[in-house]
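Enquirer: missing the sequence, but the structure's below:
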């Protein structure tokens, strides 16, 4: 049996934690038995994206929008700190919505071995990625104007962990279903084209302290890094990987796809241009 | 300095959990809101709690603490019976569930409480398009919180909530239908909170249920609206059909 990578173990850990916490919260309200020792807090209380949704109201002194708590802001700050260190590693190592897309994608790879993650034409792929900015702007605007978590009604992450509790809007369940079905043929479709938090974490790839970098003097130009990238990025002609789409999953590095030692690595400061 | 997946994973776990523990120790880790609304930051009412910041998770007790409007007044205004409900811990978001069947353009919910509290306390409130219960308008007028002109204006958006109160409020679905003082059965109302068992209590037969719903729901404690949503049925069509059955004189 294939040994689980440390990244996958981390993903499972956070997925299980979020599942347990949200179940405990919902179980209390549904009259089911909550998990002992796990205090049932809402998903909004532990989701760092809430910090983005309430950012405008917070900095303008209007306080936090409904359902966002101090703990949400703590998570937001902690995840931003991880961004300063490792860029979008939150997406590749922690985010449970990314994790479930990967799990569904494994099935997709078996069903569509030739077409998996190759179906969207490059021209469209590039344009569609800008949708993340549109979603982000819409979320911030409408949340700030209404003082409500408007995005919850469309949020597949909220739907994933609360679909059985009756509080989830049909639209969110539909979005979740579309994301999971798309994951059978596209790797991480939500992350690639729609995730408003992914774009924020992705921006940290440009300034992160530890950068994924390619040593061009030892690179044999085999392009295995390009093939391994779940986000379909071309890495083999870059020195430092600064794309906002990179999820820092380390699939391209010399620890994984790259066959030459110390050629594609995450290192302090990256490589000088 | 090279970093591999193991270092990233450990650093993230330490950062997240260490950060939570540290925030908790410093008193920043609050997973629930304080139930204290924001205050006006400027103007005539600076330093006073702002009714606009009342949240659905607030209870009548929280409102009383912040705005000095008694829970009894709130319960009376919003048609919440203090004999069947702990009105002190009654959460505002429950109002929308109780008055789910008001129609598309009408709503009694958190916004209504904000508006009522603003009128009761004389504080400003920006959103004045919320509906408000008829009883709330009466209370405001009786207690001298609004003048006749305001009363007339409020009556235009007021809703007689007594018509929409759920038939079963004490969670005892096996109990007999309530009776009026003259011995007749109380009004049989079908709304979003009506559960399947209520329909049987009203005298709806299984064959009538099959005619209206296509089947007899397996769970008798399920809300009629939830069943309709689950089966893709139009709630208003089903409601009309069932109301038709109720209106027909029972067979001897």
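Expert: On my side now, so go ahead. Predicted, not measured: the structure shown is a model, and the values here were computed from it. Numbering: from 1, shown residues only, chains lettered A, B, ... in the order given.
Enquirer: which residue packs closest to residue A:180, ignoring adjacent ones?
Expert: residue A:104 (5.3 Å; CB to CB, 6 or more residues apart in numbering or on different chains). The C-beta positions use only the backbone N, C-alpha and C, and glycine is treated the same way.
Enquirer: would you mind pulling up the elements that the helix or strand containing that neighbour packs against?
Expert: Applying DSSP states H and E as the criterion places residue A:104 in helix A:96-111. When contacts are defined as 3 or more CB pairs under 8 Å, 6 or more residues apart in numbering or on different chains; DSSP states H and E, helix A:96-111 packs onto helix A:6-30, helix A:156-162, helix A:170-182, helix A:189-193.
Enquirer: can you list the helices and strands that the third one packs against?
Expert: Applying 3+ CB pairs under 8 Å, 6+ apart, we find helix A:170-182 packed against helix A:96-111, helix A:156-162, helix A:189-193.
Enquirer: try it again with 6 Å
Expert: Judged by 3 or more CB pairs under 6 Å, 6 or more residues apart in numbering or on different chains; DSSP states H and E, the packing partners of helix A:170-182 are helix A:156-162.
Enquirer: so how many other residues sit close to residue A:185?
Expert: Residue neighbour count, defined by other CB atoms under 10 Å in any protein chain shown, stands at 18 for residue A:185.
Enquirer: assumed it was part of a helix.
Expert: No. Counting by DSSP: H, G, I helix; E, B strand; the rest coil, one finds residue A:185 to be coil, located in no helix.
Enquirer: and it, what does it touch?
Expert: By CB atoms under 6 Å, 6 or more residues apart in numbering or on different chains, the contact set of residue A:185 is A:108, A:112, A:119.
Enquirer: and the helices and strands packed on helix A:96-111, which one averages the lowest pLDDT?
Expert: Comparing mean pLDDT across the helices and strands packed on helix A:96-111, the lowest value falls on helix A:6-30: a mean of 91.
Enquirer: next structured bit after that helix?
Expert: Once helix A:6-30 ends, the next helix or strand along the chain (criterion: DSSP H and E) is helix A:43-46.
Enquirer: show me which helix runs longest in chain B.
Expert: Longest helix of chain B, by residue count under DSSP state H: helix B:5-25.
Enquirer: and the very next helix or strand once past that helix, which residues are buried?
Expert: Once the chain leaves helix B:5-25, the next helix or strand it forms, by DSSP H and E, is helix B:60-67. Judged by neighbour count using 16 or more other CB atoms under 10 Å in any protein chain shown, the buried positions of helix B:60-67 are B:60, B:61, B:62, B:63, B:64, B:66, B:67.
Enquirer: ok, now stretch A:65-83?
Expert: Buried positions in stretch A:65-83, judged by neighbour count with 16+ other CB under 10 Å: A:65-76, A:78-80, A:82-83.
Enquirer: and if you look at stretch B:211-226?
Expert: Under the neighbour-count rule (16+ other CB under 10 Å), stretch B:211-226 has B:212, B:213, B:217, B:223, B:224, B:225, B:226 buried.
Enquirer: can you pull the contacts of the first one?
Expert: For residue B:212, the contacting residues are B:238, B:241, B:242, by CB under 6 Å, 6+ apart.
Enquirer: where does it fall, phi/psi-wise?
Expert: For residue B:212, the backbone dihedrals (degrees, to the nearest 10) come out as phi -80, psi -40.
Enquirer: ok, residue A:71 touching residue A:45?
Expert: Yes. Counting by CB atoms under 6 Å, residue A:71 does reach residue A:45; the two are 4.7 Å apart.
Enquirer: with adjacent residues omitted, what lies nearest to the residue minimising distance to the centre of chain B?
Expert: Of all residues in chain B, the one closest to the mean position by CA atoms, centre = their mean is residue B:95, 1.4 Å from it. Closest residue to residue B:95 apart from its sequence neighbours, by CB to CB, 6+ apart: residue B:109 at 5.0 Å.
Enquirer: just the pLDDT for that neighbour.
Expert: 89.
Enquirer: verify the stated contact: it with residue B:94.
Expert: No. Using CB under 6 Å, residue B:109 makes no contact with residue B:94, being 9.2 Å away.
Enquirer: more crowded one of the two?
Expert: Legend: neighbour count by other CB under 10 Å for residue B:109 and residue B:94, higher for residue B:109 (21 against 16).
Enquirer: if any of the contacts of residue B:212 are buried, give me the PyMOL selection for them.
Expert: Here is the PyMOL command that selects the buried residues among those (16+ other CB under 10 Å):
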select buried, chain B and resi 238+241+242
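Enquirer: residue contacts, residue 96?
Expert: All of this is about chain A. Neighbouring residues of residue A:96 by CB under 6 Å, 6+ apart: A:15, A:18.
Enquirer: chain B was what I was after
Expert: Neighbouring residues of residue B:96 by CB under 6 Å, 6+ apart: residue B:109.
Enquirer: continuing past the helix or strand containing it, what's the next helix or strand?
Expert: Per DSSP H and E: residue B:96 is located in helix B:93-98. Later in the chain than helix B:93-98, the nearest helix or strand by DSSP H and E is helix B:110-121.
Enquirer: spell out which residues belonging to chain B are near chain A, please.
Expert: Along chain B, the residues adjacent to chain A under the rule CB under 6 Å from any CB of the partner chain are B:1-6, B:8-9, B:12, B:15-16, B:19, B:23, B:28-31, B:33, B:38, B:55.
Enquirer: are any of these buried, and which?
Expert: Using 16+ other CB under 10 Å, the buried ones in these are B:3, B:5, B:8-9, B:12, B:15-16, B:19, B:23, B:29-31, B:33, B:55.
Enquirer: gap between residue A:182 and chain B?
Expert: Using CB to the nearest CB, to the nearest Å, one obtains 24 Å as the distance from residue A:182 to chain B.
Enquirer: give me the neighbour count for the nearest residue to that residue once chain neighbours are set aside.
Expert: With CB to CB, 6+ apart as the measure, residue A:189 is the residue that lies nearest to residue A:182, at 4.1 Å, once sequence neighbours are left out. Counted with other CB under 10 Å, residues neighbouring residue A:189 total 23.
Enquirer: what does residue B:59 give?
Expert: As a burial measure, residue B:59 scores 20 neighbours (other CB under 10 Å).
Enquirer: same check, this time on residue A:8
Expert: By other CB under 10 Å, neighbour count at residue A:8 equals 17.
Enquirer: how far away is it from residue A:211?
Expert: Applying CB to CB, to the nearest Å, the value for residue A:8 to residue A:211 is 23 Å.
Enquirer: I'd guessed residue A:233 sits against residue A:243; true?
Expert: Yes. The pair formed by residue A:233 and residue A:243 meets the contact definition of CB under 6 Å, at 5.3 Å.
Enquirer: neighbour-wise, which of these two wins?
Expert: residue A:243 (20 against 16).
Enquirer: the residue nearest to residue A:218 when sequence neighbours are not counted: what's it in contact with?
Expert: Spatially, and ignoring its direct neighbours in sequence, residue A:218 is nearest to residue A:263 (4.6 Å; CB to CB, 6+ apart). Counting by CB under 6 Å, 6+ apart, residue A:263 touches A:215, A:218, A:219, A:254.
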